[in-house]
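A.B. asks: fold the following, please.
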Amino acid sequence: MLERDVNNMTTYYGQFAPDLLSSRYAQEMWSLYEKSELTPETELTGKFKDNNKSADVDNVIEEIKAAYEEEQARLERIREAEQTD
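C.D. replies: Here you go, the predicted model:
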């Protein structure tokens with residue numbers, strides 16, 4: 001929604017200031033936000049360089065599997081504790 005709204009404003013104001021049309025404020029703001037560097041005092045440039053680095057999907061899947069197995073073990077401990085009560 002952030003990107004949509006910022007892009008809509010950029011398109012509208014770009015009618016009056018055409019230089020805005022090549023800006024990438026939404027991507028810049030989101031990138032700063034993800035790094036916890038976006039503050040009310042942040043001066044935006046409208047410049048943003050894409051990160052073309054591929055995501056490590058295999059590692060993400062392994063983390064999900066590990067979290068699932070950990071949760072299953074936790075639930076099993078709870079069941080065992082309830083049976084002994």
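A.B. asks: what helix or strand is Q83 on?
C.D. replies: Assigned by DSSP states H and E, Q83 falls within helix 57-84.
A.B. asks: can you spell out which helices and strands pack onto that helix?
C.D. replies: The contact analysis (3 or more Cβ pairs under 8 Å, 6 or more residues apart in numbering; DSSP states H and E) places helix 57-84 against no helix or strand. (Glycine included, C-beta is placed from N, CA and C.)
A.B. asks: where's that helix relative to the chain centroid, distance-wise?
C.D. replies: From the chain centre to the centre of helix 57-84 is a distance of 26 Å (Cα atoms, centre = their mean, to the nearest Å).
A.B. asks: also stretch 30-49?
C.D. replies: The chain centre lies 13 Å from the centre of stretch 30-49; the measure is Cα atoms, centre = their mean.
A.B. asks: cool, and stretch 54-62?
C.D. replies: Put simply, stretch 54-62 sits 16 Å off its chain's centre (Cα atoms, centre = their mean).
A.B. asks: what sits against the residue most central in space within the chain?
C.D. replies: By Cα atoms, centre = their mean, the chain has its centre lying nearest to E34, at 5.9 Å. Contacts for E34 were tallied using Cβ atoms under 8 Å, 6 or more residues apart in numbering; there are none.
A.B. asks: repeat for E28
C.D. replies: Residues near E28 by Cβ under 8 Å, 6+ apart: 44-48.
A.B. asks: which of those ranks first by neighbour count?
C.D. replies: Counting neighbours by other Cβ atoms under 10 Å, the top entry in these is F48, with 17 neighbours.
A.B. asks: quick one: secondary structure of L32?
C.D. replies: Following DSSP: H, G, I helix; E, B strand; the rest coil, L32 is assigned to helix.
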